Structures are given as structure tokens and as C-alpha cells.
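1. how would this look folded up:
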Amino acid sequence: MENGNLKLSILDLGTIYNGASASEGLNDSSELVQLADRLGYTRYWFAEHHNTKHQMSTSPDLLSAHAGAVTKRIRIGSGGIMLPNHSPLKVAENFSLLEALYPGRVDLGIGRAPGTDGLTALALRRSREAVTRYDFPEQLDELLSFFSGNFSSDHPFQAISPAPEQLIPDIFMLGSSDGGMQFASERGLGFVFAAHINPQLAIPMLRAYRKNFKPSAHLSEPKSIMGIIVITAETEEEAKHLAGPAELQWVRWATGQFQYAPPTLEEAINHKFTPQEERARQENSGKFIIGSIANVENKLRAIAEEAMVDEIMVLNMLTEKTTRHRSFELLAEALQLNH
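-> Predicted coordinates:
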């Protein structure tokens, strides 16, 4: 990859840190998307999670509408809309509306998982049949047809339009396995791989996507992004210190400890890992890029070249607002995002 050509974007899980209120957590997101807009980041996406005590990210479309209103140029969207939870028509309507509000700035990232537990999925979908039946391929094709208007003449939905005119966001498939890659390549969509979930598969899946990509009405050439946790500071020591809460959080998730709030910096410093937790910590190491800005820049360029992507989507997970913002500023300076 040529120097300076690597783009950076941000994934926001709506996490509430240090005992803040929901309003304070969302205000932090507002401040961060405005900072990202000024710094030259390409896009800012919101995840979809439900029934999570410390995440305020149930509605990426609503969050995107707000983010678009407080920014000028950055692309905004979902990382992603968990399609099994939604009516394809309603998703098409919401993102057509966003595209009308913010023309040329809207992304629709689509996920196949529910983003929650089974009982909450039932409450969302109101039907046990909908929870147990796998019909994602039909849902996806229906969604794409609502956007493109290419239902067959005998399809019952062919007369339904999500908007008075054709308004289509950029569409991406999300993936942490080969399933998302296959949908993206076969239907000619953009593809984002979550290396923070399954780092071992990231490079082979992203390379396979490019190899197998079939052009479509939505995309003529492959467009791929790698998502990964990036924590950086001026020095190696400071970055490792600041990464403590994120590492502890992922250890807890890996060992079934879901009852805890996101750890504070002090809590992470004082935590003594059990042997089981230490194993989980080592197993999680591929989900993170941690270090001084010089080392992180080199690692990002190398991994992007290996994965054949020109864009990295950063999940930051720093608990303190000042160091979180500084981390994104350092990345923007190193990658020359505003040049």
C-alpha cells in the first residue's frame, strides 16, 4: 500500500464508561463523531445491541440521524443493522430517509446475528417462528430489491416503494466468519470483517472476498474494510497502561463474566488475572493493536496490505475521554487523514 493511502473509520458500541449516565455516554459519542469529522476519518458507524446494561446502541439508524446533524462531511451509518430483528421494508425506509437527509454520506452495514440473547430476540420479533427460522438470504434479497426496485413483476411487493424516489446508501455485509463473506462477494456488496471478534479468519476472509467478488448494481469493484481494536498513545508504556480496561473487559466476556460494568482504569491496574483469565487474555491478543503511535502505524499499514484493504475501522474502547480523543488524534496525524 502506498504511503498515506490508508483510510480510517470508527465503530461506536455506545458503551457507557465509569458509571456515567446514558445521556452522558451519548454526549461522548456526539463529541467523538464531531472530532472524527474534523480529523478526516472516513466513516463513523454505530453497532446494534439489545438488552445490554452498559451499552446504549439499540438503534443505529437513530444514532446515525443525530450524528449526521452534528457533522459536515464524515459518512455515518450502521455497523450494523442486525437484519433478522427487522422488517426489510422498514430498514429500506429508514436508510432511504437518512440518504435524503445526508446525500452521499450514508452507509448501511448489515449483520446476520441478532446482537442479543434469544429471549430478547423473541421480544423484538414477536414471533417464535421468526426466531427459529433461518431466512436471512430471503431477507437480504428483499432488502436489496426494495432499494433497487427490481422485484419481479409477479412479486407481491413489486408495487411497494420505500421512498418517493430511489435513495440508496452504500451497502456493506458484516462478517466474523465465512458466511458474511459469501453474501458480500456473491451479491456484489461491500464487506467488513470483524477482526476484533475472529482475528484468525480476518485476512483469509478479506482476501477470499476480493477473489470471489461479483460486480452488481450496488458495487462494480470490491470494497473491503477490516475492523479491529486499536489503542495507541505517544509511548509504548502508556498505550499498554491505557489498554488495561479493554483487555480485562474482553477477558470477562470470554470467561462468561457478563455481570460487570466496563472496568475503570484503576480496576484494570489492580486486577489479578486467574490462570483461566490469563489464558483468555493471551487468546484475545490478536483482537488488539496496542502500542506507541509509530509502532501502531506500521502495524496498521502492514495488516491492511496483507488483508488487501485500504481502510481500517477502529474500535477504541479507551475509558477516559481525554485519552480516547488523543488516541484518535494521533492516528489521524500519523496516517495524514486530512491531507
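
2. which residues in the stretch 51-200 of the chain form helices?
-> With DSSP state H, counting those that start in this stretch as the criterion, the stretch 51-200 of the chain has helices at 60-69, 88-101, 118-125, 128-132, 136-148, 178-187, 199-212.

3. would you turn those into a markdown table with mean neighbour count and mean pLDDT?
-> Heads up, the C-betas are built off the backbone N, CA and C, glycines and all. Shown next, in a markdown table, are the helices of the stretch 51-200 of the chain (neighbours: other CB atoms under 10 Å; pLDDT from 0 to 100):
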| stretch | mean neighbour count | mean pLDDT |
| --- | --- | --- |
| helix 60-69 | 20 | 98 |
| helix 88-101 | 20 | 98 |
| helix 118-125 | 15 | 84 |
| helix 128-132 | 12 | 69 |
| helix 136-148 | 18 | 95 |
| helix 178-187 | 20 | 95 |
| helix 199-212 | 18 | 97 |
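
4. tell me how far the residue nearest to L124 when sequence neighbours are not counted lies from T52.
-> In space, and not counting its chain neighbours, L124 is closest to N85: 4.8 Å by CB to CB, 6 or more residues apart in numbering. Going from N85 to T52 by CB to CB, to the nearest Å gives 14 Å.

5. mind listing the shared neighbours of the two?
-> T116 (CB atoms under 8 Å, 6 or more residues apart in numbering).

6. contacting residues around the closest residue to F157 other than its chain neighbours?
-> If the residues on either side of it in the chain are set aside, F157 comes closest to F151, at 5.6 Å by CB to CB, 6+ apart. The contact partners of F151, taken as CB under 8 Å, 6+ apart, are S145, F157, Q158.

7. thinking again about what came up before, how about the helices of the stretch 51-200 of the chain, which one is nearest G111?
-> Closest to G111 of the helices of the stretch 51-200 of the chain is helix 178-187 (CB to CB; 7.8 Å).

8. closest to N198 out of the contacts of F151?
-> Checking the contacts of F151 against N198 by CB to CB gives S145 as the nearest, at 30.1 Å.

9. can you tell me the closest non-neighbouring residue to that closest one?
-> Spatially, and ignoring its direct neighbours in sequence, S145 is nearest to F151 (4.8 Å; CB to CB, 6+ apart).

10. and F213, by the same measure?
-> Here the residue nearest F213, using CB to CB, 6+ apart, is P222, at 4.0 Å.

11. tell me which helix or strand the one you found sits in.
-> Assignment of secondary structure by DSSP states H and E places P222 within no helix or strand.

12. please shift the residue numbers so they start at 46 in all later answers.
-> Happy to do that; since the first residue is 46 now, the last one works out to P267.

13. shouldn't it be in contact with Y254?
-> Yes. Using CB atoms under 8 Å, P267 is in contact with Y254, at 6.3 Å.

14. pull up the overlap in contacts between these two.
-> Common neighbours of P267 and Y254 (criterion: CB under 8 Å, 6+ apart): S230, F236.
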